[in-house]
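Participant: Starting from these lines, generate the structure:
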Amino acid sequence: MVKGPPYSDGLPYLKRSFERWCSTNRPAWTPSEIKWTAITLWHGVPEIQTEYRRKVGKKFTYPMYRPDLVPANPWSEQDAQSAKTNGSLPLLHGVIPSPPPIPPGFGPIAPIQAPAPVIQGRPRNAFPFDFWPSKPWDTEPSDDASLAAGISARPISKGMDHQALWQSTHPFMWPPQDQKDWRNGRFLEAGGHGFTQLWYQVDETNSIIQRMVVKESRPQPRYWRDPVQWRDQKPREIYMHQLIDGNREAGSGTNHENLIEHYGYRLMMEQRRYRVFLNYYEGGDLEQALRDHSKATICRLERLGPDEPVPSGWEWDDTHLCYRENGELPEIISERLIWKIISDIVTGCQILHYGQPSQNGVQVLKPEWKPITHCDLKLDNIFILPPEKEPRFGEDESEFPTFVIGDLGNAFTAMEHTDPLSSENPHEYVMRIRFERLPPELQFLMMGDAERPGPVPIAEKSDVWLIGSILYYLLSNLTRNGQGPCRFVPNTEFDYDFFAGRNGDLGPTHDGALNPFQPRECFQTFHRYSPELQQLAASCLTWKPHERPSLLEMRTMIDSFLASRPDVAADRRIRPLVVEREKVFAVGQYFQKQ
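Facilitator: Okay, the predicted model is just below:
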């Protein structure tokens with residue numbers, strides 16, 4: 001058995017890299033041929049020696065350096081000795097040498113040759129850029145007061161007056177059409193690059209017949225002219241929606257209920273903005289639905305000081321490390337509801353990455369599907385579709401809602417590559433900021449880490465981390481999206497004070513017997529959930545992507561647990577999740593501006 005790294009010399013690192021490279025690119029070569037070719041490269045190319053000697057003492061294998069120097073036919077032991085003696089590569093085998101030149105004055109007179117054809121180089125990217133749509137561009141709205149000088153996305157996001165200007169516009173759907181039957185509703189949300197608003201379509205009696213969310217994005221100039229932000233001559237976000245909903249239509253919508261649905265888009269090139277028209281999920285998002293519960297939970301978990309008055313009926317519980325109120329522990333999100341939320345997110349992610357969910361424990365990539373990595377899974381990007389059956393007043397929900405992955409603004413598919421040895425992933429997608437909820441490979445802090453085996457691609461396991469981050473927040477019963485998952489690190493002065501995604505590889509998140517969320521005073525609510533649910537969260541939050549479970553493995557864990565625990569599987573408690581339903585602006589209601 002070949003001993004793995006670390007090594008005390010650079011040659012073994014080259015051998016491991018070359019063996020892996022040959023398994024794909026020279027599969028017919030024998031181990032002996034691979035060995036002597038690697039040694040020949042080592043002695044014949046000083047640049048290769050320098051590169052691999054930098055790896056000495058490190059615990060990783062690395063991609064092959066200078067694969068362009070690998071010959072089509074292997075070198076032998078004699079070639080390796082020649083390279084060692086001469087310090088240069090030997091002649092290539094199987095290549096017919098050029099004949100010696102004919103002396104002047106001898107041989108036939110060569111005919112006059114036609115000029116060699118001019119080989120076209122890489123095209124120069126003239127303006128308008130080739131990743132933009134070709135001209136002529138579509139016509140654009142001229143009656144939008146929110147486009148006044150100086151009004152960009154940020155003022156509209158922050159200022160009520162500017163929001164009112166934007167709300168007074170029309171949906172501006174494409175192709176242009178009569179929009180007199182559309183009424184603007186409420187302003188929903190604003191971000192750094194855009195904002196959303198709810199619109200209602202009414203009939204001749206002014207009754208609501210359809211609801212639609214209009215999301216407008218006004219990217220900063222550097223994003224608008226960045227080819228990484230475009231696919232198929234459309235903004236990346238639009239392209240992702242088209243992929244998903246094209247697949248939804250091909251499958252008659254089956255299993256796509258966990259992914260946000262769009263109705264179309266309008267691209268306004270001169271105005272440098274676009275709109276996406278989306279289905280409205282009246283249940284809101286997960287962060288919003290748990291906000292009141294989160295505030296109440298914080299009050300019960302933080303022990304009051306000796307000089308602070310304790311509310312009547314409150315008593316500190318030293319076992320659960322929280323206040324009981326009239327003898328009752330604080331309400332927590334039901335375990336079955338958490339399994340449901342994670343199950344829906346996993347199904348949605350399987351479709352993003354494979355074009356279809358797994359079937360009978362097997363995950364297959366759908367033919368012609370382009371895997372999509374979401375990159376921004378979080379509580380407020382998970383929307384809620386209420387159950388069809390509405391409970392009576394004072395009763396609880398009898399069925400679970402459907403949880404829907406939304407906001408594809410950061411999602412991406414791989415770009416087409418002219419050079420098979422280069423890739424835009426991860427460098428073009430790494431965020432230049434630190435968010436504790438993000439996986440290590442998606443944060444800028446990882447790019448210069450000397451302990452990493454080169455850049456780690458952002459892919460399925462990155463979304464798995466983000467699912468683990470959501471699961472962490474649910475287990476904590478808090479909704480602090482900004483403060484990322486913490487983890488237990490034994491044998492340190494502060495066992496818990498480490499963010500799982502920011503402080504380097506701190507070892508396994510669990511070893512089976514170890515409870516992953518310790519000490520109890522820092523993870524009070526975690527211990528009220530099953531070990532299986534805690535272990536699932538911990539395994540998703542492992543530093544190294546290859547040590548995290550796949551989406552298929554997560555699906556297997558979820559299904560296996562629920563099959564083994566019928567008591568949990570049968571639970572239908574929704575509280576403390578608040579499932580909102582439209583009353584005033586429900587379909588069928590008379591529209592009256594509030």
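Participant: in the stretch 401-550 of the chain, which spans are helices?
Facilitator: For the stretch 401-550 of the chain, the helices defined by DSSP state H, counting those that start in this stretch cover 460-476, 531-540.
Participant: Compare those helices and give me the one nearest His193.
Facilitator: helix 460-476 (20.0 Å; C-beta to C-beta). For glycine as for every other residue, the C-beta is placed from the backbone atoms N, C-alpha and C.
Participant: and that closest one, what does it pack onto?
Facilitator: Helices and strands touching helix 460-476, by 3 or more C-beta pairs under 8 Å, 6 or more residues apart in numbering; DSSP states H and E, are helix 335-354, helix 531-540, helix 551-564.
Participant: Throw those helices into JSON lines and include distance to Glu315, mean pLDDT and mean neighbour count, thanks.
Facilitator: Listed next are the helices and strands packed on helix 460-476 as JSON lines, based on distance: least, C-beta to C-beta, whole Å; pLDDT from 0 to 100; neighbours: other C-beta atoms under 10 Å:
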{"stretch": "helix 335-354", "distance to Glu315": "25", "mean pLDDT": "97", "mean neighbour count": "22"}
{"stretch": "helix 531-540", "distance to Glu315": "27", "mean pLDDT": "92", "mean neighbour count": "21"}
{"stretch": "helix 551-564", "distance to Glu315": "34", "mean pLDDT": "96", "mean neighbour count": "17"}
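Participant: Compare these and report which one is nearest to Arg573.
Facilitator: Per C-beta to C-beta, nearest to Arg573 of the helices and strands packed on helix 460-476: helix 335-354, 6.7 Å.
Participant: Extract the CA atoms of that closest one and return them as PDB.
Facilitator: Taking C-alpha atoms only, helix 335-354 is exported to PDB below (Å, rounded to 0.1, in the frame of the first residue of the first chain):
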ATOM      1  CA  GLU A 335     -38.700  17.900  16.000                       C
ATOM      2  CA  ARG A 336     -41.000  16.600  13.300                       C
ATOM      3  CA  LEU A 337     -41.400  20.100  11.800                       C
ATOM      4  CA  ILE A 338     -37.600  20.500  11.600                       C
ATOM      5  CA  TRP A 339     -37.300  17.100   9.800                       C
ATOM      6  CA  LYS A 340     -40.000  18.300   7.400                       C
ATOM      7  CA  ILE A 341     -38.300  21.600   6.700                       C
ATOM      8  CA  ILE A 342     -34.900  20.000   6.100                       C
ATOM      9  CA  SER A 343     -36.500  17.300   4.000                       C
ATOM     10  CA  ASP A 344     -38.200  19.800   1.700                       C
ATOM     11  CA  ILE A 345     -34.900  21.800   1.300                       C
ATOM     12  CA  VAL A 346     -33.000  18.600   0.500                       C
ATOM     13  CA  THR A 347     -35.500  17.700  -2.200                       C
ATOM     14  CA  GLY A 348     -35.200  21.200  -3.700                       C
ATOM     15  CA  CYS A 349     -31.400  21.000  -3.700                       C
ATOM     16  CA  GLN A 350     -31.500  17.500  -5.300                       C
ATOM     17  CA  ILE A 351     -33.400  19.000  -8.200                       C
ATOM     18  CA  LEU A 352     -31.000  22.000  -8.400                       C
ATOM     19  CA  HIS A 353     -27.900  19.700  -8.500                       C
ATOM     20  CA  TYR A 354     -29.300  16.700 -10.400                       C
END
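Participant: so it versus helix 460-476, what angle?
Facilitator: Helix 335-354 runs at 170 degrees relative to helix 460-476, counting by axes from the mean of the first three to the mean of the last three C-alpha atoms, to 10 degrees.
Participant: what inclination does helix 335-354 have with respect to helix 551-564?
Facilitator: Using the same axes, to 10 degrees: helix 335-354 against helix 551-564 is 150 degrees.
Participant: Let's have the helices and strands packed on helix 460-476 in TSV, adding distance to Tyr223.
Facilitator: Shown next, in TSV, are those (distance: least, C-beta to C-beta, whole Å):
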stretch	distance to Tyr223
helix 335-354	22
helix 531-540	30
helix 551-564	29
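Participant: do you know which of those helices lies nearest Ser142?
Facilitator: helix 335-354 (37.6 Å).
Participant: Report the angle between that closest one and helix 531-540.
Facilitator: 30 degrees.
Participant: Quick check: which helices or strands does helix 335-354 pack against?
Facilitator: Using 3+ C-beta pairs under 8 Å, 6+ apart: helix 335-354 touches helix 236-250, strand 402-405, helix 460-476, helix 531-540, helix 551-564, helix 566-569.
Participant: one more time with 10 Å, if that's ok
Facilitator: Using 3 or more C-beta pairs under 10 Å, 6 or more residues apart in numbering; DSSP states H and E as the contact test, the elements touching helix 335-354 are helix 236-250, strand 382-385, strand 402-405, helix 460-476, helix 531-540, helix 551-564, helix 566-569.
Participant: closest to Glu77 out of these?
Facilitator: When the helices and strands packed on helix 335-354 are ranked by proximity to Glu77 (C-beta to C-beta), helix 460-476 comes first, at 41.5 Å.
Participant: Show me how this protein divides into domains.
Facilitator: Following the TED database, one gets these domains for the chain: 2-86, 145-283, 333-492+504-570.
Participant: Kindly check the end-to-end length of the shortest one for me.
Facilitator: What it means is domain 2-86. Start and end residues of domain 2-86 are separated by 29 Å (C-alpha to C-alpha, to the nearest Å).
Participant: Also the longest one?
Facilitator: In domain 333-492+504-570, first residue to last residue: 15 Å (C-alpha to C-alpha).
Participant: sorry, back to before: turn the helices and strands packed on helix 335-354 into JSON lines, including distance to Leu198.
Facilitator: Formatted as JSON lines, these follow (distance: least, C-beta to C-beta, whole Å):
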{"stretch": "helix 236-250", "distance to Leu198": "18"}
{"stretch": "strand 382-385", "distance to Leu198": "13"}
{"stretch": "strand 402-405", "distance to Leu198": "16"}
{"stretch": "helix 460-476", "distance to Leu198": "25"}
{"stretch": "helix 531-540", "distance to Leu198": "34"}
{"stretch": "helix 551-564", "distance to Leu198": "32"}
{"stretch": "helix 566-569", "distance to Leu198": "36"}
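Participant: ok, the most centrally placed residue in the chain - contacts?
Facilitator: In the chain, the residue lying closest to the centroid (C-alpha atoms, centre = their mean) is Cys375, at 1.9 Å. Residues counted as contacts of Cys375 (C-beta atoms under 10 Å, 6 or more residues apart in numbering) are 408-412, 429, 431, 438-439, 442, 458, 462-463, 466.
Participant: got a pLDDT number for it?
Facilitator: For Cys375, the model assigns a pLDDT of 95.
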